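**Q** here you go, sequence then predicted model.
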Amino acid sequence: MAERNELVITRVFDAPRKLVFKVWSEAAHLAEWWGPPGSAIEIKKLEFRPDGAFHYRMSIPDRGEIWGLFVYREIVESERIVFVSSFCDKDGNIILSPFFKVWPLEILNTITLVEQGGKTTMTLRGGPINATEEELEAYESMIGSMQQGFGGTFDRLDTYLAKI
């Protein structure tokens, strides 16, 4: 059950978890599916290891471009990826959201992968850390919208997995 201010999304992919993990861990794969439909991403850096970073620029139709940053906390091969995501500038410095007046600077995300019968159940759990009450409320108010946005991203992942 989701806690207050927690985004939870579960998807089943028709792919082994080793492959699902791989497309989260390699730049060439992430560039093909990360982001909402219609977006394109340029990866500035991917250091897929604890304390490593994924720094990228995303171009989004009708929204321009944004920079994003993941800082990895924990990686368990083919099982779990834990990272803090933030908006950032081109140099990787964390910045305020370009979309919202009030938004948490850091979101702690955990991706878990469970394989059964050749299919992988992926669960994303995410929530603000080091946030004010106002930022927590803003995040909670957008959970439905984020579920929809991640739904489009994970649709792209599903299509990509079917091709490789």
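**A** Yes, it's here.
**Q** rest of the way, CA atoms for contacts and neighbours
**A** Fine.
**Q** show me how far the longest helix seen in the chain is from its chain's centre.
**A** Longest helix in the chain by number of residues (criterion: DSSP state H): helix 143-163. Going by C-alpha atoms, centre = their mean, to the nearest Å, the spacing between the C-alpha centre of helix 143-163 and its chain's C-alpha centre is 10 Å.
**Q** just checking, what packs against it?
**A** Contacts defined by 3 or more C-alpha pairs under 8 Å, 6 or more residues apart in numbering; DSSP states H and E place helix 143-163 against strand 7-13, helix 27-33.
**Q** what's in contact with the first one?
**A** Okay, so that is strand 7-13. 2, 119-127, 143, 146-147, 154, 158 (C-alpha atoms under 8 Å, 6 or more residues apart in numbering).
**Q** can you show me the helices along the chain?
**A** Listed in chain order, the helices of the chain (DSSP H) span residues 17-25, 27-33, 133-141, 143-163.
**Q** for the nearest residue to residue 107 once chain neighbours are set aside, give its distance to residue 19.
**A** The spatial neighbour of residue 107 that comes closest, neighbours along the chain excluded (C-alpha to C-alpha, 6 or more residues apart in numbering), is residue 128 at 4.3 Å. Residue 128 sits 28 Å away from residue 19, taking C-alpha to C-alpha, to the nearest Å as the criterion.
**Q** okay, these two: which has more neighbours?
**A** Between residue 128 and residue 19, counting by other C-alpha atoms under 10 Å, residue 128 is the more crowded of the two (22 against 14).
**Q** wait, that one sits on residue 137?
**A** No - with contacts counted by C-alpha atoms under 8 Å, residue 128 stays clear of residue 137, the gap being 10.1 Å.
**Q** now do the shared contacts for those two.
**A** Residues touching both residue 128 and residue 137 comprise residue 5, with contact defined as C-alpha under 8 Å, 6+ apart.
**Q** returning to that earlier point: wait, which of the helices of the chain is closest to residue 67?
**A** Evaluated over the helices of the chain, closeness to residue 67 peaks at helix 27-33, with 13.8 Å, by C-alpha to C-alpha.
**Q** mind listing residues that contact the closest one?
**A** The contact list for helix 27-33 (C-alpha under 8 Å, 6+ apart) reads 22-24, 40-43, 46, 153-154, 156-157, 160.
**Q** can you do 10 Å?
**A** Contacts of helix 27-33 with the rest of the structure, by C-alpha atoms under 10 Å, 6 or more residues apart in numbering, involve 22-24, 39-48, 54, 56, 58, 152-161, 164.
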